[in-house]
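sharing a model prediction with you, sequence too.
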Amino acid sequence: MRLDYIVDENHRLQYDYKLVDGDRLRADSGFDSFYFTSASYLKTEETETNSILLISNWSDDLSTEINYSSKETNTGQNSPAGQNVPNLYIDNAYGNEVYIGADIYRSANELSTVTDFLKLKAVYYQDNHKITAGYENTTWDIYNLFIVAQDGQWEFDSLDDFNNRNASSFFANNAKSGNPADAAANFEYSLSSIYIQDEITVSDNLTLTAGLRYDEYSSDDAPAANPDFEAEYGFANAGIDGTNLLNYRFGADWLIDDTSSLNVTYGTYSAKLPAVWISNAYTNDGVRVSAYDSDYAAAGCNPLAAAGVGLPGCVQQAIANAPLTSAKIDFVSPNFEWPESKILNITYEKQLSENWDMNLTYLFSDQEEAIYKVIDTGYPLDGVEPTVPTATAPDGRPIYNMTGRRTYKAGLYNDCCGEREVISATFARSFNDGDGRLVLSYTGQNIDELSGMTSSTSNSNFGKVGAIDYNNRKPMRSIYETEHRFLATLTSKHYFFGEDKPTTFSVIFERKSGLPGYLSFDTFTGSPGDYQSKAFGYDYNLNDDSSALLYIPTGTNDPLICWSYKCRDEGSFEASARAAEVINLLHNVYGLEKYAGQIQPRGSFNYPWQSSLDVKLTQVLPGFRADDEVVITLGIENLLNLIDDKKGVVKFGYYSGRLDVMDLRIVDNKYDYSGYAYRYDPDNPWEDRISATQSIWRAQLGIKYKF
């Protein structure tokens, strides 16, 4: 709803109200995993927005704008089976992972955010100057309840074990008080900004722009102080407060001649971070929530014997008894500074002829990133910074010495720097007196990132995207990079039913390169005793993403590799055959011979190219009255698939680009390459999947009556 009120000829008041309410049943799915309906979740979201805007023209030289808005969003994620249902995980049932019961990340998951925004802006003209100045304040008031496996998770190694209730492991978190509501974080933080910009008209052909913007993040709230954490690591678990950044921007608009122009802008920008990354420090402070640890349980407490029938009372007592570091703890590093991006943008426009236009754009960005690092590494800190372990794997990467199980300590830090380079070219031609238009464009990307964080939780952000050393990431190819993208659009308007009843044909064709992929080790292990030999020393909750970049052997005689199980039968026929098989797979099938003797980088290959062709017909017809219109639209998405069901098929890999190929085992400072990753199929080496939603054609018919 929108209301406009003209106060007088110089002042206008506008009020907007919006209410959006929706829900969707969501379920995970995988190449080798199956989720029962009870393991899905109903995501509900309601957003209510109120805003008011006052625009005032005080004189020919001065205008102001006052804008205030408040947005409240409530999000729920509930299992169809209810919220007091445990999760049962079968590791191998007919070759699949099977999940039953409430998803562990939705067992206690509620989020409510109120965002208040105030903007005061003034524009003043003096001579050849246009001066813009303003103040903005955004305040986030957040309530966040998030407990992983609040009702417990039991793991079974096989279907037979499940049928016999023979659980192999148990995992649970809960509020120390036993009341999940006591674990909720309720905090507020704000961003205040002041800015000024001067746009100077130097001549009819040249305009220069310069500006400054100061951003400051502050909060009167802090995470619950964890004295055990501070005693262990020498600093307090902190939230977000006092972080600031001064940005500058310069620009030039040059009208070269009657047919061409050039725009250049350069400046610094504050990164936009999801609120949940800040919220994690307030939610996971270790004070209100702990993980079950049998070391703090009463004698005889055995949750494995009660698999799936509810949490024994002794589990909650062990959670209450656990020390304040016996839990996953997130924090914002005391050294954290708000990430900054330096961006150069150059745009050149030219009218090539009466009917052809050209637009060329170049963008370069040097960008800091917010990333998570763990500090419970088994090695001392350098102030608040984790140090690099001295223990190393055969290829020289570090091996950590973490000993917990889902009790890691992760801080939000910022590191420098990734680089983003984008070029684009667009050529457009008009014909038939403007009733037809053809647009051809190309975009190329070259993007290197440290991580490009993919998730809301610290553990997924830490290890989901491939790296050599997750704690000390180096810039590598972004998993989001689309190296090449071609786009062609054709629109043609005709008048079969009269000049005011046009028929419009539209065709859109797109072809783009597939997203980057990379090979990795399978590092999934839940046993702390195996962390160093099978997971590069990472905690169970950090090694389960199996994204450690793979070492590519030089050949069958690589001194860093053995080819028999635990290196016990080197030189045997089986070991020699295995060596030849793996080298052929890595060097020839995947084409990674150029990385022989190295750790293969992220983005070492691309998934298949994708093509799409969409068409749309729009017809305007007369209505029942003189000025009424009937608008009929017929759209067909993925016309290629309608023509040939083998065309228009979209194939993709895992969304982070990971393809875990080799099971990680380090024996006597050698990699044991005798076994593939769990569930890896060498007969389907790319593990690419067909998108069921993007690989089919759709037709949509719409009728609209305008009066």
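Arrived safely, thanks for sending.

residue contacts, the residue nearest to Ala298 when sequence neighbours are not counted?
Residue nearest to Ala298 in three dimensions, not counting chain neighbours: Cys314, with 5.1 Å by Cβ to Cβ, 6 or more residues apart in numbering. In short, each C-beta sits where N, CA and C put it, glycine included. For Cys314, the contact set (Cβ atoms under 8 Å, 6 or more residues apart in numbering) comprises Ala297, Ala298, Gly300, Cys301, Pro303.

so Cys314: helix, strand or coil?
helix (DSSP: H, G, I helix; E, B strand; the rest coil).

can you check the pLDDT for it?
Confidence at Cys314, expressed as pLDDT, is 92.

repeat for Phe31
On the pLDDT scale, Phe31 gets 62.

give the partner strands of whichever strand or helix holds Leu360 in its sheet and their orientations.
Using DSSP states H and E, Leu360 sits in strand 356-374. Strand pairing for strand 356-374, determined by DSSP bridges: strand 340-351 (antiparallel), strand 409-431 (antiparallel).

any idea which element Ser63 lies in?
strand 62-78.

does anything pack onto that strand? Which helices or strands?
strand 41-57, strand 108-126 (3 or more Cβ pairs under 8 Å, 6 or more residues apart in numbering; DSSP states H and E).

list the buried residues for the shortest one?
Using 16 or more other Cβ atoms under 10 Å as the burial criterion, the residues of strand 41-57 that qualify are Tyr41, Lys43, Thr47, Ser51, Leu53, Ile55, Ser56.

ok, stretch 441-458 next?
In stretch 441-458, counting by 16+ other Cβ under 10 Å, buried: 441, 443, 445, 447-453, 455-458.

before we move on, the earlier item: looking at the strands paired with strand 356-374, which is buried most?
Burial of the strands paired with strand 356-374 is given as mean neighbour count (mean count of other Cβ atoms under 10 Å); strand 409-431 ranks first at a mean of 18.

from the chain's centre, how far out does the helix or strand following that one sit?
Remark: after strand 409-431, the chain's next helix or strand is strand 436-449, criterion DSSP H and E. Taking Cα atoms, centre = their mean, to the nearest Å, the mean C-alpha location of strand 436-449 is offset from the chain mean by 22 Å.

just stretch 355-369 next, same as before
That offset, for stretch 355-369, works out to 23 Å (Cα atoms, centre = their mean).

tell me which residues in it are buried?
Buried, per 16+ other Cβ under 10 Å, within stretch 355-369: Asp357, Met358, Thr361, Leu363, Phe364, Ser365, Gln367, Glu368, Glu369.

measure the second one to Leu487 for me?
Using Cβ to Cβ, to the nearest Å, one obtains 15 Å as the distance from Met358 to Leu487.

Ser546 is in contact with Phe524, correct?
Yes. Using Cβ atoms under 8 Å, Phe524 is in contact with Ser546, at 5.5 Å.

quick one: contacts for Trp277?
Ala370, Leu412, Met453, Ser456, Asn461.

what residues sit buried inside the lengthiest helix in the chain?
Secondary structure of the chain per DSSP state H: the longest helix is helix 573-583. By 16+ other Cβ under 10 Å, the buried positions in helix 573-583 come out as Ala575, Arg578, Ala579, Val582, Ile583.

spatially nearest residue to Ile343 (excluding sequence neighbours)?
Using Cβ to Cβ, 6+ apart, the nearest residue to Ile343 is Ser365, at 4.7 Å.

from Asp253, how far off is that neighbour?
Applying Cβ to Cβ to Ser365 and Asp253 gives a distance of 21 Å.

kindly report the same for Val630.
In terms of Cβ to Cβ, Val630 sits 44 Å off from Asp253.

want to throw the contacts of Trp277 into TSV with pLDDT and distance to Glu483?
Shown next, in TSV, are those (pLDDT from 0 to 100; distance: Cβ to Cβ, whole Å):
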residue	pLDDT	distance to Glu483
Ala370	91	25
Leu412	93	30
Met453	76	21
Ser456	81	28
Asn461	88	24
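
show the pLDDT at the spatially closest residue to Ala122 that is not a sequence neighbour.
Computed as Cβ to Cβ, 6+ apart, the closest residue to Ala122 that is not its neighbour in sequence is Thr64, at 4.9 Å. For Thr64, the model assigns a pLDDT of 97.

how about Pro622?
pLDDT, read off for Pro622, is 90.

for it, what are its contacts?
Counted by Cβ under 8 Å, 6+ apart, Pro622 has contacts Phe497, Lys501, Asp628, Glu629, Val630.

can you count the residues close to Asn584?
Asn584 has 12 neighbours, counted by other Cβ atoms under 10 Å.

how near is it to Thr556?
Distance from Asn584 to Thr556, by Cβ to Cβ: 10 Å.

same check, this time on Ser294
From Ser294 to Thr556 the distance is 46 Å (Cβ to Cβ).

same deal with Cys562?
Taking Cβ to Cβ, one finds Cys562 at 11 Å from Thr556.

more neighbours: which of these two?
Cys562 (24 against 15).

was I right to think that one contacts Ile666?
No. In this structure Cys562 lies outside contact range of Ile666 using Cβ under 8 Å: 10.2 Å.

quick check: neighbours shared by these two?
Asp672.

and Ile599, how far is that from Ile375?
Ile599 sits 24 Å away from Ile375, taking Cβ to Cβ as the criterion.

can you redo the buried residues of strand 41-57 as TSV with pLDDT and distance to Ala27?
Below are the buried residues of strand 41-57 laid out as TSV (pLDDT from 0 to 100; distance: Cβ to Cβ, whole Å):
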residue	pLDDT	distance to Ala27
Tyr41	85	8
Lys43	87	11
Thr47	95	23
Ser51	97	36
Leu53	96	41
Ile55	96	47
Ser56	95	52
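
and stretch 271-286, how far out from the chain middle?
14 Å.

what kind of secondary structure is Asp160 in?
helix.

number of residues surrounding it?
12.

quick check: the gap between it and Asp500.
74 Å.

which ones are touching the nearest residue to Asn128 once chain neighbours are set aside?
Spatial nearest neighbour of Asn128, excluding adjacent residues (Cβ to Cβ, 6+ apart): Thr201 at 4.4 Å. The contact partners of Thr201, by Cβ under 8 Å, 6+ apart, come to Asn128, His129, Lys130, Thr207.

where do the strands of the stretch 201-350 of the chain begin and end?
206-218, 243-257, 260-270, 289-291, 329-332, 340-351 (DSSP state E, counting those that start in this stretch).

including distance to Leu592, could those strands go into CSV?
CSV is the format used below for the strands of the stretch 201-350 of the chain (distance: least, Cβ to Cβ, whole Å):
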stretch, distance to Leu592
strand 206-218, 43
strand 243-257, 41
strand 260-270, 37
strand 289-291, 39
strand 329-332, 36
strand 340-351, 32
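
now these as a markdown table including mean pLDDT and distance to Asn641?
Listed next are these as a markdown table, based on pLDDT from 0 to 100; distance: least, Cβ to Cβ, whole Å:
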| stretch | mean pLDDT | distance to Asn641 |
| --- | --- | --- |
| strand 206-218 | 95 | 47 |
| strand 243-257 | 94 | 45 |
| strand 260-270 | 96 | 40 |
| strand 289-291 | 88 | 48 |
| strand 329-332 | 93 | 45 |
| strand 340-351 | 96 | 36 |
